[in-house]
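Q: let me see the structure of the following:
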Amino acid sequence: MAVTVDQLLPRLLAGIGERAMVALEQHLDVHGPPPDLRRWPPEEIITLAESAGLRGHGGASFPTARKLRAVASRRGRAVVVANGSEGEPASNKDRALLRDLPHLVLDGVAVAARAVGARDAIVVISREDARSTRSLELALRDRASARLAGDPRFELFEIEPSYLAGQETALVSALNGGPAKPTFAPPLPFERGVRGRPTLVQNVETLAHLALIARHGADWFRELGTERDPGSALVTVSGAVAAPGVYEIEHGMSLSELLDVVGVTDSVAGVLIGGYFGTWLPPDIAPDVRLSGEHLSDHGASLGAGVIAVVGAGACPVAEATRIADWFAAESAGQCGPCVNGLHAIADTVHQLATGTAARTACDDLERWAHDMRRRGACQHPDGAIRFITSALRVFEHELRDHARRGPCDRCAGPPVLPAPIHARLRG
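A: Have a look, this model is predicted:
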């Protein structure tokens, strides 16, 4: 579903709900033909992405042109990896693109491949996402029959579902036959990645935006959004709302405007922005927040993977935080002390708070551990967990202290608001 802003949206989601966008004919009818990539100098594509101000939509918001240029500058034939693994449990935006708009993603892959001089491209999907696999297989058959000019050699790769598997070094490790865990020793993927070649790893939404920028130009892209975050973004809205789903919004749109569209069904206890690596915002602040990097940073938040989860007063935020703290510990790659020991200690302490069995120093312990662990993990997994937990401690301080005194509340047994990750530990 798309939120319309001054008739300039939808962009990525144009045609959704009106026709079967899997078919190439319908895709071209909505978006028009792609540019002839064979005649387009690679540096001009990179400059176009730079002028548009396109940033990554996988979570880190890194400037796309800088990644393109870093790979293009290396010796050897590059490889493009389209990251559609979507390990963020509360996000569905990448799956929506792969299932309903595969040609838009594949167009973006082709543009990126031309920019970095790649002839081979790999689209990574979660092994559990059979619908995306079928959609992409059909789309690739259509493109092969149409003999689209400029397409690279496409390959599909199914990866085991895991939060950390979507991290680009973990993805490259898996593609090279190793474990899907982050690696830290040089070289980095842009230097030597898949099959030892310079590798561009880019989120599928970012590539879909690149496909439209290649058609319509940088000025068109900047007609929406802010100076730092131009254009639109896909967000997954869930929780205490009447119409959960994937929406296309303008960067800088107010959260209150979006919540008016989706229809809040309960008084708001808190809003999680950015996903499980994101930040909790209290109800007195959340409605006035604008959904762009420069605005959210004032509150220690970012749009991240585009997740907006609304927890209503009828749910227990302490139960939500406890389950996700367990999940963080279970998702550890087991490669450093902060993950192996720190996340388990945090999860155990949050559980003790929730059940009224914690020591009096529990909240202080959590704050101290969070301070000591910050930026000391082998990857960013501990930092994401710390951001989630410490913001929950602030926003839900009253509820946590009430649980610490009285134990579980009546709402603890209710259905979860945040998706219950299948890899979380089960507690007796």
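Q: could you use CA atoms for every contact and neighbour count after this?
A: Noted.
Q: residue nearest the centroid of this protein?
A: Nearest to the geometric centre of the chain sits A305, at 2.6 Å (Cα atoms, centre = their mean).
Q: what residues are up against the residue nearest to that one when sequence neighbours are not counted?
A: Spatial nearest neighbour of A305, chain neighbours left out: G59 (4.5 Å); criterion: Cα to Cα, 6 or more residues apart in numbering. G59 makes contact with 274, 303-306 under the criterion Cα atoms under 8 Å, 6 or more residues apart in numbering.
Q: and T355, by the same measure?
A: T355 neighbours (Cα under 8 Å, 6+ apart): 403-404, 406-408.
Q: how near is it to G87?
A: 29 Å (Cα to Cα, to the nearest Å).
Q: for P102, same thing?
A: 19 Å.
Q: comparing these two, which residue is more hemmed in?
A: Shown here are P102 and G87; by other Cα atoms under 10 Å, P102 has more neighbours (27 against 19).
Q: just checking, the more buried one touches E137?
A: No. Counting by Cα atoms under 8 Å, E137 is not a contact partner of P102; they are 9.4 Å apart.
Q: show me which residues of the helix ranked longest in the chain are buried.
A: Determined from DSSP state H, the single longest helix within the chain is helix 130-146. Buried residues in helix 130-146, counted by 16 or more other Cα atoms under 10 Å: 132-133, 135-136, 138-140, 142-143.
Q: per-residue confidence averaged over that helix?
A: Averaging pLDDT along helix 130-146 yields 95.
Q: ranges for the strands of the stretch 201-350 of the chain?
A: Assigned by DSSP state E, counting those that start in this stretch, the stretch 201-350 of the chain shows strands spanning 232-239, 245-250, 268-273, 279-281, 307-312.
Q: now mean pLDDT and mean neighbour count too, for those, in CSV please.
A: Below are the strands of the stretch 201-350 of the chain laid out as CSV (pLDDT from 0 to 100; neighbours: other Cα atoms under 10 Å):
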stretch, mean pLDDT, mean neighbour count
strand 232-239, 97, 24
strand 245-250, 96, 22
strand 268-273, 96, 23
strand 279-281, 96, 27
strand 307-312, 97, 26
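Q: could I get the ones you listed as JSON lines with distance to R394?
A: Output for these, formatted as JSON lines (distance: least, Cα to Cα, whole Å):
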{"stretch": "strand 232-239", "distance to R394": "20"}
{"stretch": "strand 245-250", "distance to R394": "28"}
{"stretch": "strand 268-273", "distance to R394": "11"}
{"stretch": "strand 279-281", "distance to R394": "8"}
{"stretch": "strand 307-312", "distance to R394": "15"}
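Q: follow-up on the earlier one: ok now do the residue nearest to the centre of the chain, which residues does it touch?
A: 57-59, 88, 91, 235, 274-275 are the contacts of A305 under Cα under 8 Å, 6+ apart.
Q: count residues in the vicinity of the closest residue in space to A214 that isn't next to it in sequence, would you?
A: If the residues on either side of it in the chain are set aside, A214 comes closest to P35, at 7.0 Å by Cα to Cα, 6+ apart. Per other Cα under 10 Å, the neighbour tally for P35 reads 16.
Q: pLDDT score for P35?
A: For P35, pLDDT reads 93.
Q: so it makes contact with R215?
A: Yes. In this structure, P35 is within contact of R215 by Cα under 8 Å, at 6.4 Å.
Q: picking up where we left off before, tell me the SS of the residue nearest to A214?
A: With DSSP: H, G, I helix; E, B strand; the rest coil as the basis, P35 sits in coil.
Q: pick out whichever of the contacts of G59 sits closest to R119.
A: A305 (28.5 Å; Cα to Cα).
Q: I'd like the distance between the closest one and A233.
A: Look at A305 and A233: by Cα to Cα, they are 10 Å apart.
Q: between the two, which contacts overlap?
A: H57.
Q: per-domain residue ranges of the protein.
A: Split into domains by automatic domain parsing, the chain comes to 24-221, 232-312, 317-413.
Q: S254 contacts R290, correct?
A: Yes. Taking contacts as Cα under 8 Å, S254 lies within contact range of R290: 4.1 Å.
Q: overlap in contacts, these two.
A: Common neighbours of S254 and R290 (Cα under 8 Å, 6+ apart) do not exist.
Q: contacting residues for the closest residue to G53 other than its chain neighbours?
A: What sits nearest to G53 in space, not counting adjacent residues and going by Cα to Cα, 6+ apart, is P230, at 6.4 Å. Listed by Cα under 8 Å, 6+ apart, the contact set of P230 reads 52-54, 221-224, 251.
Q: mind doing that once more with 10 Å?
A: 52-55, 218-219, 221-224, 250-252, 292 (Cα atoms under 10 Å, 6 or more residues apart in numbering).
Q: same question, R197
A: 71, 74-79, 118, 189-191.
Q: work out the gap between the helix or strand of the chain with the lowest mean pLDDT and the centre of the chain.
A: Counting by mean pLDDT, DSSP states H and E, the chain has its least confident helix or strand at helix 337, which shows a mean of 73. Offset of helix 337 from its chain centre (Cα atoms, centre = their mean, to the nearest Å): 26 Å.
Q: quickly name whichever of the contacts of T355 is closest to P161.
A: Within these, the smallest distance to P161 is 31.5 Å, found for P408 (Cα to Cα).
Q: nearest residue to that closest one other than its sequence neighbours?
A: Closest to P408 by Cα to Cα, 6+ apart is T355, at 5.3 Å.
Q: for the one you found, report the pLDDT, please.
A: pLDDT, T355: 95.
Q: again with C339
A: 75.
Q: looking at it, it is touching F328, isn't it?
A: Yes. C339 is within contact range of F328, at 8.7 Å (criterion: Cα atoms under 10 Å).
Q: any residues in contact with both of the two?
A: Common neighbours of C339 and F328 (criterion: Cα under 10 Å, 6+ apart): 381-382, 385.
Q: re earlier: as a markdown table, the contacts of G59 with pLDDT and distance to A315 would be great.
A: Formatted as a markdown table, the contacts of G59 follow (pLDDT from 0 to 100; distance: Cα to Cα, whole Å):
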| residue | pLDDT | distance to A315 |
| --- | --- | --- |
| G274 | 95 | 20 |
| L303 | 95 | 23 |
| G304 | 93 | 24 |
| A305 | 93 | 23 |
| G306 | 96 | 22 |
